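**Q** no FASTA, just this:
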């Protein structure tokens, strides 16, 4: 039962970044999103992966969540640094 609850929470959190990543893909930019927030989110996920594996080994439902978030953050950061079209100028 606890594993099922973990999977439900993991799926919700894993896909929580997907709508924003999809929007960035469709629009071709991540304009308006805070770079410090994105970087802190990415660093946090990397630390979670390292700590989870180090402390508990491979916990599939946790690692699924973390890797999905890393994928979404990576996609958002891609469009933050490499916008398409008229948003091609990046202001740091």
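**A** All right, it came through fine. Since this is a predicted model, take the numbers as computed values, not measurements.
**Q** For the chain, just list every one of the helices.
**A** 2-14, 18-27, 35-56, 60-81 (DSSP state H).
**Q** from those helices, which stretch is densest packed?
**A** helix 60-81 (a mean of 18; mean count of other CB atoms under 10 Å). Bear in mind the C-beta positions are built from the backbone N, C-alpha and C, glycine included.
**Q** which residues sit against it?
**A** The contact list for helix 60-81 (CB atoms under 8 Å, 6 or more residues apart in numbering) reads 3, 6-7, 9-11, 13-18, 20-21, 24-25, 27-30, 33, 35, 38-39, 41-42, 45-46, 48-49, 52-53, 56, 90.
**Q** do the same with stretch 20-28
**A** Stretch 20-28 has contacts (CB under 8 Å, 6+ apart) with 30, 33, 71, 72, 75, 76, 79, 80, 83, 84, 85, 87.
**Q** what's around the second one, how many residues?
**A** Just to be clear, that refers to residue 33. 15 (other CB atoms under 10 Å).
**Q** got the contact list for it?
**A** Residue 33 touches 20, 24, 76, 80, counting by CB under 8 Å, 6+ apart.
**Q** Could you check the angle the least confident helix or strand in the chain by mean pLDDT makes with helix 60-81?
**A** Of all helical and strand segments in the chain, the minimum by mean pLDDT, DSSP states H and E falls on helix 2-14, at a mean of 91. On the basis of axes from the mean of the first three to the mean of the last three CA atoms, to 10 degrees, helix 2-14 is oriented at 0 degrees to helix 60-81.
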